[in-house]
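> fold the following, please.
(one chain, ligands or ions: 1)
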Amino acid sequence: MCGIVGYIGNRNACPFLTEGLKRLEYRGYDSAGIAFLSDNELEIIKDKGKISELESNNSLSNLNFSVGIGHTRWATHGEPNKINAHPHFNHNKSICIVHNGIIENYEEIKIKLEKDGFRFISETDSEVLVHLIDYFLSRGYSLFQAVRYSLNEVNGTYGLAVISKKEPDKIIVARKGSPLIIGIGKNENFIASDLQALISYTNKVVYLADDEIAEIRNDSFFTRTISDESIKKEIEDVDLELEQISKGGYAHFMLKEIMEQPNSIQNSIRGRLLFEEGTSKLGGIENYVDRILNSRRIIITACGSSWHVGLIAEYMLEQFAGIPVEVDYASEFRYRNPIISNDDTVIFISQSGETADSLAALKEAKRKGALIVGICNVVGSSIARESMTGVYIHAGPEIGVASTKAFSSQVMIFALLSLLLARRLNMSKQDGSNIILEINSISEKIKNILDNNEIIKNIAEKFKDVKNFLYLGRGYNFPVALEGALKMKEISYIHAEGYPAAEMKHGPIALIDENMPIVVLAPKDSVYEKVVSNIKELKARKGIIIGILNEQDNELSNIVDYVIRVPETIRMLMPILNIIPLQLLAYYIAVSKGLNVDQPRNLAKSVTVE
Ligand code: F6R
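Presented below is the predicted three-dimensional model:
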């Protein structure tokens, strides 16, 4: 959450800072600000709201400076207003900082600093950092050492950048639990919390690891650990194109990413299907397949949409690999002292690879000796790096705050993993080949659903003013119902709940009346007849049913009120097809309500605070 950028070099830094912050707004957009050195003084321009507002209200395009840092905020401590916006100054405006993360012991430090005469003006936890650094500077330390000593005093997480008017030729950055990347240029260097901000400027980067600090100048940088050990960092090449992070003619990133799914799914399976052998190949985990198969159990840990994928994976892995699977919210797992041993496999699913709760849960499971498998989208992300082995989903950058293409690609990776494990056990080559054929045809089927989006748009228009939605499914489609409801809540602000269809009778059916739209996932699978009965129960209570039905289904199409057709496929791949109309339904409703679907209120793309 929150985004950080910085520049030191010979050209005007302002275009990079403003453009970079716009690219990072998916991480938070409560307030924005920049700090820069001008005529040997530090200046800060910041305000509530988005970077584009800051830019036009302050004519940022007229500024010219060559050392600066910037921040876009997702508020944690203190409401989103100008005072709480970053950057933050020390008392005499000689240093300023931008910070991502949370300083957990800030109250304690603040009390001590206040006793020493430091005055705080914001409600943020971050402000303690700037005063603490000031405190160490006043004891004669260099900026680098003052930042290092300060970070030794704090508990919590940080992606931090600091500039000083007394040492104007450097930016100090540090990282713990919140990403920080150095972009290497020619006689200029950049910093950013995500690659997205850097890619039109450089493809050479250095990823800081946790507990590392760096001093960056025009033409050099050096790194140490916070505890003052020397470390050598590799400069890595990144492979990301500007086109991948632009809207490409679509009104919103979310729509672009929904529409991209035929391709993103192809990218997830590319090179991973072994047609001849009727199985799949996941290079990253090749050497760990035996250990996974011999696991006492698999625990899947994630948050949000990725957690829903975990629930789908539970059905797959139990069915195909016969290993008991548990699925846990990372935030619960990390605090309940889970019983884990070295014969467990713990799989972490994360689009961003930076989710704070997932990362902390990973470290806990690792400490207890489990095999750690990471399923991530962002290459080089913290979870990918901390995992012992893993698979990239290769869905491409996901910028829309609501996860769409990452969800379908994550499900696909579990389909590939289940196939691989089943073929190592007792699945026949013929059965494996049949699954491969289905996997290989899924992109075409997604395309077919997307081509018929007008039907969904019309349905969305009819339901845009409702206050509630219910989503029902059974088996593999129960987690899809949860995910559909989450999409609706987060971008259209309509209360929505997902439920296992049969559970309705145990309480929620009391909610059903002629005003309640209910999206029912009813593909022709082994529980189809049961779902038909559930739908009849709802119709008897005047519920309005939007049925997600297979193409040949003429039975339910006469019972439900609205029909959205999806092609048939095998059970384990159904979630990939069935989620598409639910993504579109949420999208079109949010658009017709005039909402900003890419930047829904209160949300941020990657949740790097707990
Ligand atoms: C919902 C959504 C979130 C994320 C969750 C986990 O649309 O995007 O619920 O799924 O914050 O994020 P990752 O997968 O990056 O760990």
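> so where's this structure shaky on pLDDT?
The chain contains residues with pLDDT under 70 at 1, 605, 608-610.
> show me what from it comes close to the ligand.
Contacts of the chain with the ligand, taken as CB under 6 Å from any ligand atom, map to 303-306, 350-352, 355, 358, 402-403, 486, 490, 606-607. (Glycine included, C-beta is placed from N, CA and C.)
> how does it look with 8 Å?
Contact residues, the chain versus the ligand (CB under 8 Å from any ligand atom): 302-308, 349-355, 358, 377-378, 383, 401-404, 406-407, 410, 486-487, 490, 603, 605-607.
> domains in the chain, by residue range?
3-244, 247-446, 452-604 (automatic domain parsing).
> can you lay out those domains as JSON lines showing mean neighbour count?
Output for these, formatted as JSON lines (neighbours: other CB atoms under 10 Å):
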{"stretch": "domain 3-244", "mean neighbour count": "20"}
{"stretch": "domain 247-446", "mean neighbour count": "21"}
{"stretch": "domain 452-604", "mean neighbour count": "20"}
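> which residues are in contact with stretch 434-441?
269, 273-275, 278-280, 412, 415-416, 419, 569-570, 572-573 (CB atoms under 8 Å, 6 or more residues apart in numbering).
> which one among the residues you listed gets closest to residue 27?
residue 412 (25.9 Å; CB to CB).
> could you look up the SS state of the closest one?
Secondary structure, DSSP: H, G, I helix; E, B strand; the rest coil: residue 412 is helix.
> so it touches residue 270, yeah?
No. Counting by CB atoms under 8 Å, residue 412 does not reach residue 270; the two are 11.0 Å apart.
> could you check how far residue 250 is from residue 564?
Per CB to CB, to the nearest Å, residue 250 is found 21 Å from residue 564.
> sorry, wrong one. I was asking about residue 14.
Distance, residue 14 to residue 564, by CB to CB: 48 Å.
> ok, now residue 514?
Relative to residue 564, and taking CB to CB, residue 514 is found at 21 Å.
> now residue 345
Relative to residue 564, residue 345 is positioned 37 Å away (CB to CB).
> how about residue 27?
33 Å.
> the stretch 501-610 of the chain: strands as residue ranges?
517-522, 544-550, 562-566 (DSSP state E, counting those that start in this stretch).
> report the distance from the first one to the chain centre.
Put simply, strand 517-522 sits 27 Å off its chain's centre (CA atoms, centre = their mean, to the nearest Å).
> just the shortest one next, same as before
The chain centroid and the centroid of strand 562-566 are separated by 30 Å, computed with CA atoms, centre = their mean.
> hey, C-alpha coordinates of stretch 67-83 in CSV?
What follows is stretch 67-83, C-alpha atoms only, in CSV (Å, rounded to 0.1, in the frame of the first residue of the first chain):
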residue,chain,number,x,y,z
VAL,A,67,16.7,15.5,-6.6
GLY,A,68,13.3,14.6,-5.3
ILE,A,69,11.0,12.0,-3.7
GLY,A,70,7.3,11.4,-3.9
HIS,A,71,4.5,9.5,-2.3
THR,A,72,0.9,8.4,-2.9
ARG,A,73,-0.8,7.3,0.2
TRP,A,74,-3.3,4.7,1.4
ALA,A,75,-4.2,6.0,4.9
THR,A,76,-3.5,3.8,7.9
HIS,A,77,-2.8,6.2,10.9
GLY,A,78,-4.6,9.5,10.5
GLU,A,79,-7.3,10.5,8.1
PRO,A,80,-6.4,11.4,4.5
ASN,A,81,-5.7,15.1,4.7
LYS,A,82,-2.9,17.5,3.8
ILE,A,83,-1.1,17.3,7.1
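> so what sits opposite residue 564 in the bridge?
residue 548 (DSSP bridges).
> for it, what are its contacts?
Residue 564 sits next to 455-456, 459, 546-549, 581, 585 when contact means CB under 8 Å, 6+ apart.
> now for these: which two are most distant?
Farthest apart among the contacts of residue 564 by CB to CB are 549 and 585. That separation is 14.4 Å.
> the stretch 351-500 of the chain: helices as residue ranges?
Secondary structure of the stretch 351-500 of the chain by DSSP state H, counting those that start in this stretch: the helices cover 356-367, 382-386, 405-424, 429-451, 453-463, 477-492.
> and the nearest residue to residue 185 once chain neighbours are set aside, how far from the ligand?
Distances taken as CB to CB, 6 or more residues apart in numbering place residue 202 nearest to residue 185, at 5.0 Å, with adjacent residues excluded. Between residue 202 and the ligand the computed distance is 25 Å (CB to the nearest ligand atom, to the nearest Å).
> give me the secondary structure label for residue 205.
Strictly by three-state DSSP, residue 205 counts as strand.
> just grab the bridge partners of it for me.
Beta-bridge partners, per DSSP bridges, of residue 205: residue 183, residue 236.
> contacting residues for it?
181-184, 195, 198, 235-236, 238.
> farthest pair in the residues you listed?
195 and 235 (14.0 Å).
> wait, residue 254 sits on residue 404?
Yes. Here residue 254 lies in contact with residue 404, judged by CB under 8 Å, at a distance of 6.3 Å.
> now for these two: what residues contact both?
Common neighbours of residue 254 and residue 404 (CB under 8 Å, 6+ apart) are residue 583.
> distance check, residue 548 against the ligand.
For residue 548, the distance to the ligand - CB to the nearest ligand atom - is 19 Å.
> the helices in the stretch 201-350 of the chain, which residues?
Counting by DSSP H, counting those that start in this stretch, the stretch 201-350 of the chain has helices at residues 253-259, 261-269, 289-293, 304-321, 330-333.
> and these as a markdown table, adding distance to residue 521?
Converted to a markdown table, the helices of the stretch 201-350 of the chain look like this (distance: least, CB to CB, whole Å):
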| stretch | distance to residue 521 |
| --- | --- |
| helix 253-259 | 18 |
| helix 261-269 | 18 |
| helix 289-293 | 30 |
| helix 304-321 | 12 |
| helix 330-333 | 26 |
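> which one of those lies closest to residue 223?
Short answer: helix 330-333, nearest of the helices of the stretch 201-350 of the chain by CB to CB, at 29.0 Å.
> neighbouring contacts of that closest one?
Outside helix 330-333, the residues that touch it by CB under 8 Å, 6+ apart are 299, 301-303, 307, 348, 355, 357-358, 360-361, 364-365, 610.
> CA-only coordinates of it, as CSV, when you get a sec.
Backbone C-alpha positions of helix 330-333 (Å, rounded to 0.1, in the frame of the first residue of the first chain) are rendered in CSV as follows:
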residue,chain,number,x,y,z
ALA,A,330,-3.0,-15.7,6.1
SER,A,331,-4.1,-13.2,8.7
GLU,A,332,-5.6,-15.9,10.9
PHE,A,333,-2.8,-18.5,10.2
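> can you give me how far that helix is from the chain middle?
16 Å.
> for residue 447, give me its contacts.
Counting by CB under 8 Å, 6+ apart, residue 447 touches residue 262.
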